[in-house]
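Novice: Would you be able to build a 3D model of this:
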Amino acid sequence: MSSKRYIGYKKILSLFRQQNGSPSFNAKGLAIGVFSGCFPFFGFQTLLGVFFAKLAKGNILLAAIGTWISNPFTYIPLYYFNYKVGSIFIRNSTNITIDRNLGIHDLWKQGSIFSIKLLLGSSFVGLFLACISGLIVFWLYKTNKKS
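Specialist: Residues are numbered from 1 along each chain as shown. The predicted model follows:
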């Protein structure tokens, strides 16, 4: 690992450790950010995470950091996995294929099925990852406060 990257990780970890507030306040912020980051709303994930963290009275900075679960390196595997999870819940007999004879209605139908599967999968995966990350962060801050 290069020294610049190591210093960058240390700065983020230091920023993470310096957060004030209760363990639940910090965990709530990060969990909301992770949940928001699981959706394919490129460019709006951070805004959504911060907005919902503010509504839920969670740590806004940790919410913004939590949205980094999706980044240019994880977009394709994360959203492909989300789509597959959504496909488990919505099974349809039509495979998504592009044919010259398809009408505009058929194209819209296939696009909407794809979108619903992706968003449903993003919801389930996001909820699961948010719970896990929230519990880990809660535990980390709780044990760190005791020290």
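
Novice: Sketch out the low-pLDDT regions of the chain for me.
Specialist: When the per-residue scores of the chain are filtered using pLDDT under 70, the ranges that remain are 1-9, 12-13, 92-108, 145-147.

Novice: The same query, at a cut-off of 90, please.
Specialist: By pLDDT under 90, the low-scoring segments of the chain are 1-21, 42-43, 71-72, 75, 89-114, 140-147.

Novice: looking at it, residue 114 is touching residue 83, isn't it?
Specialist: Yes. The pair residue 114 and residue 83 passes the contact test of C-beta atoms under 8 Å, sitting 7.5 Å apart. Every residue, glycine included, has its C-beta placed from N, CA and C.

Novice: Of the two, which one has the most company?
Specialist: Between residue 114 and residue 83, residue 83 has the larger neighbour count (other C-beta atoms under 10 Å), namely 19 against 14.

Novice: Assess the claim that the more buried one and residue 118 are in contact.
Specialist: Yes. Between residue 83 and residue 118 there is a contact at 4.8 Å, judged by C-beta under 8 Å.
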